[in-house]
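K.L.:
Any chance you could fold what I've pasted below:
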Amino acid sequence: MTRAIVAGAGVVGLSCAVRLLESGHRVDVLARDLPLETTSAVAAAIWYPYRALPQDRVTAWSGATYAEFVGLAGEQGTGVRMVTGTEVFRQRQPDPWWRGAVPSLDRETALPAGYRDGWTFVTPVVEMPVYLRWLLGRVEDLGGTVTRMNLSALPDGEDELVVNCAGLGARLLGADRSVVPVRGQVLYVEQVGLDRWWLESDGPTYVVPRSRDIVVGGTDDEGDWSRTPSPETAAAILARATALVPELEGARVLRHKVGLRPVRPAVRVERAGNVVHCYGHGGAGVTLSWGTADEVAALAAD
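P.N.:
Coordinates of the predicted model:
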C-alpha cells in the first residue's frame, strides 16, 4: 500500500483523495484551508466548463464528472441535483465546444427579450457546503485523514506519492507563476421559488437555484487578489441578474462572498517523479473534479 499525501482540501483535492483511497492507497490530505474555507465552498457549482483549457481534455474530464454526478444525484446527503436551465446569447452561436460532454442540449426558441440564441440542458447543480461535508465524510469513511497544515513547500515525496491539488497555492508549492487569480464575486439571495438556472456571458451573469437560497453572480477579474466583496459590484451583479430573471426583484440578500479561481493556460494533470500535479482548473473545479481525479489515480498506479 502506497502512502499518498494530497496537498489541498478543496473539491479537487478531496475528489483525488477519494479515488486514491478507492485504489488502495493510504491517503493523508494536508491543507492550509479546510474544505468549508476553500474557494470551492464559494462556488455556485453548476456543472459548466469555464476558464479551463485545453478543450479536448476538458471535454473528456467534464463528461466523466457529469456521469459521476448523475449517480450522486440519486444518493441522499450529497447535495447534488440535476437541474434544467438555459444559457442565452445576444447573437447567434455555434454549438458549445464542450457539447460532447452532455447527453442532450437543445436550441431554445422561447428566449427573453433582447436575446437571439440560447440552449437548454440538464446539468448538475451542487450545493457546496453539503457536498464538501459529504466528500470529507467519504474520505474519512475510506480511512483517509484531513489535517490543517500550512505547507511552505511540497513534501519531498521520496517514500510516498505527493499529489499537488493546491489550486492557487500552486504558485508557491509548484513554483508555477502561470497560475493567476480570477476573482469571482457572488451574492446569495433568498429562495423565491426559482427552479431553473440561467446563464449569460455579460459579466458573466448566472443565477443558480439551490434548496434554500439562490447563488447570483458574478465577476471575472483576472489578477485581482481581493477577497473583500464590493457593495458597488454586488449592486451591479444583482441588477444584471434581475434583468435576466425578473423573479429576483425584491429578493432579500442573505450574504456576499468572493472566491479566487485558479486559472492557468492549461489545466495541469501530469506526473513528475513522485509528484502528481492536478491544479489550474479555473472556474471549473467542480466540473472537472472527478475526471481529473480518475486521471490522478491512473497516474499514481504508473
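K.L.:
CA only for contacts and neighbour counts going forward, please
P.N.:
OK.
K.L.:
tell me how far the strand or helix carrying residue 240 is from the chain's mean position?
P.N.:
Residue 240 belongs to helix 231-244 when elements are defined using DSSP states H and E. Taking C-alpha atoms, centre = their mean, to the nearest Å, the mean C-alpha location of helix 231-244 is offset from the chain mean by 22 Å.
K.L.:
buried set for it?
P.N.:
Neighbour-count burial for helix 231-244, counted by 16 or more other C-alpha atoms under 10 Å, picks out 234, 236, 237, 238, 239, 240, 241, 242, 244.
K.L.:
Averaged pLDDT, stretch 272-292. What do you get?
P.N.:
Stretch 272-292 comes out with an average pLDDT of 97.
K.L.:
I meant to write stretch 132-148 there.
P.N.:
Throughout stretch 132-148, pLDDT has a mean value of 98.
K.L.:
For that stretch, list every residue counted as buried.
P.N.:
Per 16+ other C-alpha under 10 Å, stretch 132-148 contains these buried residues: 132-140, 142, 144-146.
K.L.:
Using PDB, list the CA coordinates for the helix holding residue 240.
P.N.:
Below are the C-alpha coordinates for helix 231-244, written out as PDB (Å, rounded to 0.1, in the frame of the first residue of the first chain):
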ATOM      1  CA  PRO A 231     -21.000  46.700  -2.500                       C
ATOM      2  CA  GLU A 232     -21.000  48.500  -5.900                       C
ATOM      3  CA  THR A 233     -20.100  45.300  -7.700                       C
ATOM      4  CA  ALA A 234     -22.800  43.400  -5.800                       C
ATOM      5  CA  ALA A 235     -25.400  46.000  -6.900                       C
ATOM      6  CA  ALA A 236     -24.300  45.700 -10.500                       C
ATOM      7  CA  ILE A 237     -24.500  41.900 -10.300                       C
ATOM      8  CA  LEU A 238     -27.900  41.900  -8.900                       C
ATOM      9  CA  ALA A 239     -29.200  44.400 -11.500                       C
ATOM     10  CA  ARG A 240     -27.900  42.300 -14.300                       C
ATOM     11  CA  ALA A 241     -29.300  39.100 -12.800                       C
ATOM     12  CA  THR A 242     -32.700  40.700 -12.200                       C
ATOM     13  CA  ALA A 243     -32.900  41.900 -15.800                       C
ATOM     14  CA  LEU A 244     -32.300  38.400 -16.900                       C
END
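K.L.:
which helices and strands does it pack with?
P.N.:
Here helix 231-244 touches strand 180-190, strand 205-209, strand 213-217, going by 3 or more C-alpha pairs under 8 Å, 6 or more residues apart in numbering; DSSP states H and E.
K.L.:
Out of the buried residues of stretch 132-148, name the ones that lie in strands.
P.N.:
145, 146 (DSSP state E).
K.L.:
just the buried residues of stretch 132-148 now: which is nearest residue 65?
P.N.:
Taking C-alpha to C-alpha as the measure, residue 65 lies nearest residue 135 of these, at 14.3 Å.
K.L.:
Using the three-state scheme, assign the residue nearest to the closest one when sequence neighbours are not counted.
P.N.:
With sequence-adjacent residues excluded and distances taken as C-alpha to C-alpha, 6 or more residues apart in numbering, residue 135 is closest to residue 14, at 6.4 Å. Secondary structure state of residue 14, per DSSP: H, G, I helix; E, B strand; the rest coil, is helix.
K.L.:
residues touching residue 14, list them.
P.N.:
Counting by C-alpha atoms under 8 Å, 6 or more residues apart in numbering, residue 14 makes contact with 8, 29, 135, 136, 139.
K.L.:
change it to 10 Å
P.N.:
6-8, 20, 29, 35, 132, 135-139, 146, 165, 289-290, 293 (C-alpha atoms under 10 Å, 6 or more residues apart in numbering).
K.L.:
Residue 121 contacts residue 96, doesn't it?
P.N.:
No. Using C-alpha atoms under 10 Å, residue 121 makes no contact with residue 96, being 11.9 Å away.
K.L.:
which neighbours does the longest strand along the chain have in its sheet, and in what orientation?
P.N.:
Identified as the longest strand of the chain according to DSSP E is strand 253-272. Strand 253-272 pairs in its sheet with strand 180-190 (antiparallel), strand 275-281 (antiparallel), by DSSP bridges.
K.L.:
Now do it: distance to the chain's middle.
P.N.:
Worked out by C-alpha atoms, centre = their mean, strand 253-272 lies 7 Å from the chain centre.
K.L.:
Check which residues of it are buried.
P.N.:
In strand 253-272, counting by 16+ other C-alpha under 10 Å, buried: 256-264, 266-271.
K.L.:
Which of those sits closest to residue 88?
P.N.:
Closest to residue 88, out of all of these and judged by C-alpha to C-alpha, is residue 261, at 23.3 Å.
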